[in-house]
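Peer 1: Test case, fold it:
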Amino acid sequence: MAAAKKTKTARGRKQDRARVAGGQDYEVKYEAKKTGKSAPAVKKAVKKVGNARKRVEKRLGR
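Peer 2: Numbering: from 1, shown residues only. I've put the predicted structure just below:
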C-alpha cells in the first residue's frame, strides 16, 4: 500500500503569527522593538492577558 503524498500548506502559520511566545526571547525582543516597550514589559503583558498578539499589543498601548 502506497503512502499518501503529504503536501505542505500554510495552515498554522497565520495562527502562529497571531500569538506571542513569552518564553521565546526572539519573539519577546521583536514585540518589544515593534511596540517600543521593554522585553520585561512584553513578558508581563503576555502573562497578564495571554499570548494573543492583538491583546498583548493593546495592553502595551499600541
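
Peer 1: List the contacts of the residue sitting nearest the centre point of the chain.
Peer 2: Ranked by distance to the mean C-alpha position of the chain (CA atoms, centre = their mean), the top residue is Val20 at 2.1 Å. By CB atoms under 8 Å, 6 or more residues apart in numbering, the contact set of Val20 is Glu27, Val28, Glu31, Val42, Val46, Asn51, Ala52, Arg53, Val56. The way it works is simple: take the backbone N, C-alpha and C, and place the C-beta from them, glycine included.

Peer 1: ok, and the closest non-adjacent residue to Lys48?
Peer 2: Arg59 (6.4 Å; CB to CB, 6 or more residues apart in numbering).

Peer 1: ok, now which ones touch the one you found?
Peer 2: By CB under 8 Å, 6+ apart, the contact set of Arg59 is Ala45, Lys48, Val49.

Peer 1: Just the buried subset of the residues you listed, written out for ChimeraX, thanks.
Peer 2: Restricted to buried positions by 16 or more other CB atoms under 10 Å, the ChimeraX selection for the contacts of Arg59 reads:
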select :45,49
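
Peer 1: How far does stretch 32-42 stretch from one end to the other?
Peer 2: Terminal residues of stretch 32-42 lie 6 Å apart, using CA to CA, to the nearest Å.

Peer 1: My error: substitute stretch 22-40 in the last question.
Peer 2: Terminal residues of stretch 22-40 lie 10 Å apart, using CA to CA.

Peer 1: buried stuff in that stretch?
Peer 2: By neighbour count with 16+ other CB under 10 Å, stretch 22-40 contains the buried residues Gly22, Glu27, Val28, Glu31, Ala32, Thr35, Lys37.

Peer 1: Need the three-state assignment for the first one.
Peer 2: In other words, Gly22. Counting by DSSP: H, G, I helix; E, B strand; the rest coil, the backbone at Gly22 sits in coil.

Peer 1: Can you give me the pLDDT of it?
Peer 2: Each residue has a pLDDT score; the one for Gly22 is 91.
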